[in-house]
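> A predicted structure for the sequence below; I have some questions about it.
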Amino acid sequence: MCGIAGYVGSKNAVEVAYDQLKRLEYRGYDSAGIAMQTPDGIRVVKKAGTLNHLRAELDAHPLEASCAIGHSRWATHGGPTDANAHPHFDFDQTIAVLHNGIIENYLELRDELVAKGHTFRSQTDTEIAAHVIGLEYSQGGSLLEAVRRAVKRFRGAYALVIISNRESETIVAVRQASPLVVGLGEGENLLASDIPALLPYTREVIALEEGHLVELTRDRVRLVDADGRELPIVSKHIDWDVESAERGGYDHFMRKEIHEQPQVIRQCLAGRITPEDGVRLEGTFSDNVWAEIDRVNIIACGTAYHAGLMGKHLFEKLLRLPTDVYYASEFRYGDPVLSQKSLAIFVSQSGETADTLAALKLCKKNRIRTLGIVNVVGSSIARECDRTIATQAGPEISVASTKAYTAQVIVLSLLALHIAQVQETPGLRVEEWAQALRDLPELASQVLELEDEVISIAEKLVDMPLCFFLGRGADAYVGYEGALKLKEVAYIPTQESPAGEMKHGPLALVEEGVVSVFGATEPFTFDKVVSNMKEVQARAGTVLGITCDSTGTIAKAADLTLMFSPSRFDFLNALLSVIPMQLLAYHLARLRGCSIDQPRNLAKSVTVE
Ligand code: F6R
């Protein structure tokens with residue numbers, strides 16, 4: 001999710017790499033660094049904070065090089081410090097490595113290296129990878145060969161870029177489930193995590209395939225597969241302008257981020273579900289603390305609050321652990337009952353939301369245990385909580401939150417499973433859950449394939465005056481999020497409620513033209529959901545069913561249906577159903593000509609109460 005840059009050629013590579021990082025700045029980051037080849041070996045300059053900090057450091061000791069690699073980091077393993085910033089050296093500083101993604105088995109590898117006497121300067125998985133590659137390289141042979149052998153030991157998602165002080169003007173990189181693009185120039189070659197960082201230099205681009213490695217010199221690009229077989233160089237001409245390149249070719253960040261969700265789920269699970277241990281969440285409380293906790297309060301705002309509702313659903317269903325969810329703005333002034341045995345969980349994408357931060361301070365003052373589920377690792381909420389779990393969704397740029405929601409629900413699910421494992425909850429099917437979570441990215445990709453159907457439904461419904469979002473259990477909670485997306489970006493009034501509540505009042509609003517979106521993913525409620533659909537249709541309302549029901553019960557009752565393939569757990573199906581809702585909001589907003597990435601009156605980070 002972070003930014004990668006690399007240049008070899010006749011220009012000053014340090015300045016080119018810096019310029020490339022500048023062009024990736026829009027993605028967000030919390031530290032940055034550059035490694036360059038000099039006559040005295042590799043020099044690494046890296047700093048926590050913005051690129052201005054790195055600039056000051058570079059200006060203090062100006063250097064020229066013909067080969068350099070650069071990185072802007074979005075902290076995952078270890079906070080945003082100088083030491084944790086990339087690139088990292090191996091044990092004897094022969095190579096420098098930078099990395100996007102997560103090496104899932106880094107703890108295992110670290111134990112092995114420690115047994116061999118290695119010590120580390122950072123808390124990152126990247127430094128472990130650097131040592132493993134360095135060891136392979138010390139056996140002899142080329143850097144490309146050493147990297148090819150070393151990555152066979154890595155589990156997870158990664159794009160790794162390496163330079164060595166034994167092979168001048170050579171950059172080696174490998175890609176596994178984390179993007180990497182090579183730019184072909186005249187007497188110079190480049191690489192980057194994203195196309196915007198290449199565009200000022202070249203428009204001839206190769207997108208590296210899974211498992212492939214590349215070796216760049218100023219005159220040559222060599223591609224090999226995981227078995228070392230040479231591959232043909234096939235480049236593509238890119239004619240995107242810079243703005244559309246930043247959005248990965250999508251019209252808006254919101255759509256890009258919706259489409260990133262399969263990858264975000266993978267990223268969020270990486271290293272957290274293992275075949276040996278089931279669910280493993282690093283850095284939370286010790287087992288005896290979990291045994292003591294008898295109540296959970298989840299505190300958040302907006303979309304993060306909706307993720308919290310999903311957390312409540314699972315905590316109570318799976319763990320029978322009483323859980324309340326509070327709007328942070330209400331918690332703060334609501335004089336909440338706080339017991340010493342309770343746990344307060346703060347969910348936040350930005351980690352800077354003023355209401356959530358104020359509620360956190362109140363809990364800390366009352367000595368309540370606090371746990372953050374936060375996307376921005378170096379943020380205030382992440383730093384202030386006793387423990388924090390990173391959602392690993394990567395920078396979210398669209399004001400309307402999409403991928404962060406999914407990541408928050410996944411982390412809450414992992415947390416529930418972690419606690420259940422610690423407490424040996426009877427009847428828990430950890431292995432089945434772990435497998436279902438592993439299958440989820442593929443199912444999410446399939447749900448995204450519904451986009452054309454969503455577009456034709458959006459075209460039919462574009463003039464609706466009001467939209468209900470209805471469901472039961474987890475489907476109701478997901479409906480709250482679907483409704484928020486629709487109001488935020490398409491400015492369509494919504495009414496969201498549990499489906500059974502309709503007849504207690506909101507039904508009075510139904511008339512011709514009014515649309516009701518029903519999430520229907522829990523088979524034991526289907527009969528009741530169908531009755532609610534009929535109540536709407538009897539008042540001339542239109543019903544859109546979003547379902548994984550293959551029996552046809554929901555499709556037969558609805559006027560319009562979006563149907564997707566189910567996971568084995570209803571809870572995960574409810575989560576998947578948010579994707580068509582996000583797409584529906586997006587396409588309705590597009591058809592209505594709304595400002596999608598920056599909706600009126602809204603800000604990405606709400607730092608005032
Ligand atoms: C909705 C949205 C907001 C945020 C809310 C909390 O799309 O983005 O409702 O969810 O402002 O923000 P964070 O998660 O940064 O605390």
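All right, it came through fine. Computed from a predicted model, the values in this text were never measured in an experiment.

> what residues does the stretch 301-450 of the chain put near the ligand?
With C-beta under 6 Å from any ligand atom as the criterion, the stretch 301-450 of the chain meets the ligand at residues 301-304, 348-350, 353, 356, 400-401. (Glycine included, C-beta is placed from N, CA and C.)

> next up, the contacts around the residue in the stretch 201-350 of the chain that the ligand sits nearest to.
Nearest residue of the stretch 201-350 of the chain to the ligand: Gly302, at 1.9 Å (C-beta to the nearest ligand atom). Neighbouring residues of Gly302 by C-beta atoms under 8 Å, 6 or more residues apart in numbering: 401, 484.

> what ranges does the stretch 151-300 of the chain have for its helices?
Using DSSP state H, counting those that start in this stretch, the helices of the stretch 151-300 of the chain run over 242-246, 253-259, 261-269, 287-292.

> any chance of these in a markdown table, plus distance to the ligand and mean neighbour count?
A markdown table is the format used below for those (distance: least, C-beta to the nearest ligand atom, whole Å; neighbours: other C-beta atoms under 10 Å):
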| stretch | distance to the ligand | mean neighbour count |
| --- | --- | --- |
| helix 242-246 | 20 | 15 |
| helix 253-259 | 9 | 24 |
| helix 261-269 | 14 | 25 |
| helix 287-292 | 25 | 13 |
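
> can you put those in JSON lines and add mean pLDDT?
Below are the helices of the stretch 151-300 of the chain laid out as JSON lines (pLDDT from 0 to 100):
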{"stretch": "helix 242-246", "mean pLDDT": "77"}
{"stretch": "helix 253-259", "mean pLDDT": "96"}
{"stretch": "helix 261-269", "mean pLDDT": "93"}
{"stretch": "helix 287-292", "mean pLDDT": "92"}
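
> the residues of the stretch 301-450 of the chain next to the ligand: which two are farthest apart?
Pairwise distances across these peak at 18.1 Å for Thr356 and Ala400 (criterion: C-beta to C-beta).

> element containing the closest residue to the ligand within the stretch 401-550 of the chain, please.
For the stretch 401-550 of the chain, the residue closest to the ligand is Ser401, as judged by C-beta to the nearest ligand atom, at 3.4 Å. For Ser401, there is no enclosing helix or strand under DSSP states H and E.

> okay but it is in contact with Ala300, surely?
No. Judged on C-beta atoms under 8 Å, Ser401 makes no contact with Ala300 at a distance of 11.2 Å.

> just give the closest residue to Glu230, not the sequence neighbours.
In this structure, Glu230 finds its nearest non-sequential neighbour in Val224, 5.8 Å apart by C-beta to C-beta, 6 or more residues apart in numbering.

> quick one: contacts for the one you found?
144, 148, 212-215, 230-231.

> neighbour-wise, which of these leads?
Within those, neighbour counts (other C-beta atoms under 10 Å) peak at Val214, which reaches 25 neighbours.

> please list which of the contacts of Val224 are also close to the ligand.
Among these, none lies close to the ligand by the criterion of C-beta under 6 Å from any ligand atom.

> filter these down to just the ones in strands.
Taking DSSP state E as the definition of strands, the contacts of Val224 contribute 213-215, 230-231.

> turn these into CSV, columns for pLDDT.
Formatted as CSV, the ones in strands among the contacts of Val224 follow (pLDDT from 0 to 100):
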residue, pLDDT
Leu213, 98
Val214, 98
Glu215, 98
Glu230, 97
Leu231, 96
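
> okay, these in TSV with distance to Phe569 next?
Compiled in TSV, those are given as follows (distance: C-beta to C-beta, whole Å):
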residue	distance to Phe569
Leu213	38
Val214	40
Glu215	44
Glu230	45
Leu231	40
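
> of those, closest to Val172?
So of the ones in strands among the contacts of Val224, ranked by how close each gets to Val172 (C-beta to C-beta), first place is Glu215, at 5.3 Å.

> what are the ranges of the strands in the stretch 351-500 of the chain?
Taking DSSP state E, counting those that start in this stretch, the strands of the stretch 351-500 of the chain run over residues 369-374, 387-390, 467-471, 494-498.

> quick check: the residue of the stretch 1-150 of the chain nearest the ligand.
For the stretch 1-150 of the chain, C-beta to the nearest ligand atom, closest residue to the ligand: Gly28, 12.5 Å.

> confidence score at that residue?
Note for Gly28: predicted pLDDT of 77.

> what residues are up against it?
Neighbouring residues of Gly28 by C-beta under 8 Å, 6+ apart: 74, 376, 395, 397.

> hmm, the last one is touching Arg255, no?
What it means is Ile397. No. Judged on C-beta under 8 Å, Ile397 makes no contact with Arg255 at a distance of 11.6 Å.

> tell me how far the residue of the stretch 201-350 of the chain closest to the ligand lies from Val347.
In this view, Gly302 and Val347 are 10 Å apart by C-beta to C-beta, to the nearest Å.

> likewise for Ser122?
Applying C-beta to C-beta, the value for Ser122 to Val347 is 28 Å.

> picking up where we left off before, okay if I get the contacts of Gly28 as CSV plus pLDDT and neighbour count?
Shown next, in CSV, are those (pLDDT from 0 to 100; neighbours: other C-beta atoms under 10 Å):
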residue, pLDDT, neighbour count
Trp74, 84, 23
Val376, 83, 25
Pro395, 82, 19
Ile397, 88, 18
